[in-house]
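**Student:** for reference, the sequence and a predicted model appear below.
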Amino acid sequence: MSLAAGAAGTLAVELSERLERAVLGDEPVYAAKRVARRLFGPRVPGRLLRWTYGPLLGLAAGRALEGRSWPFAAEAAGVGCCVFAFELAAMPAAGATPPVRRWPAGHVAALFVHTLAFGLGFAAARRL
């Protein structure tokens, strides 16, 4: 169930990407394609990274929420905020992105919206 909810969150992120790129004027520094290239080189496609990472995030979030019943908005925002905090700390530490202080203007806010999209997709799928 949580793996499927993670896949739904991943789909929500993927569907929102076009708008995200339009607002930023470029591909975000945290885009799956860029992260895959930085971590694994050009052989690993960004979509493979995203569709592995997203469902696994859903699995972790599902385990954290196991046995708990939260209102939809609280669950979506909570998961989104936890993923945001994790990615903001872990991606630069792992070398997946440059340090946050070097991110172009607007990319931190865009990542926040990006992770909220994941939380919304995740929470919606858990209710189906």
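**Tutor:** Received it, and whenever you're ready, just let me know what you need. Numbering: from 1, shown residues only.

**Student:** is it true that Thr97 touches Leu39?
**Tutor:** No: under the criterion of C-beta atoms under 8 Å, Thr97 makes no contact with Leu39, lying 9.9 Å away. To be clear about C-beta, it is placed using only N, CA and C from the backbone, and glycine gets the same treatment.

**Student:** more neighbours: which of those two?
**Tutor:** Thr97 (24 against 14; other C-beta atoms under 10 Å).

**Student:** which residue is nearest the middle of the chain?
**Tutor:** Thr115 (4.6 Å; C-alpha atoms, centre = their mean).

**Student:** from Ser69, how far off is that one?
**Tutor:** 22 Å (C-beta to C-beta, to the nearest Å).

**Student:** likewise Arg37?
**Tutor:** If you go by C-beta to C-beta, the gap between Arg37 and Ser69 works out to 40 Å.

**Student:** tell me where this protein has helices.
**Tutor:** For the chain, applying DSSP state H gives helices covering 2-24, 32-40, 46-65, 72-94, 107-126.

**Student:** and these, which is most packed in?
**Tutor:** Highest mean neighbour count among the helices of the chain (mean count of other C-beta atoms under 10 Å): helix 107-126, with a mean of 21.

**Student:** quick one: low-confidence ranges for the protein?
**Tutor:** Residue ranges of the chain with pLDDT under 70: none are present.

**Student:** go with 90
**Tutor:** Applying pLDDT under 90 to the chain flags the ranges 1, 68-69, 128.

**Student:** out of the helices of the chain, which is closest to Arg101?
**Tutor:** When the helices of the chain are compared by C-beta to C-beta, helix 72-94 sits nearest Arg101, at 9.0 Å.
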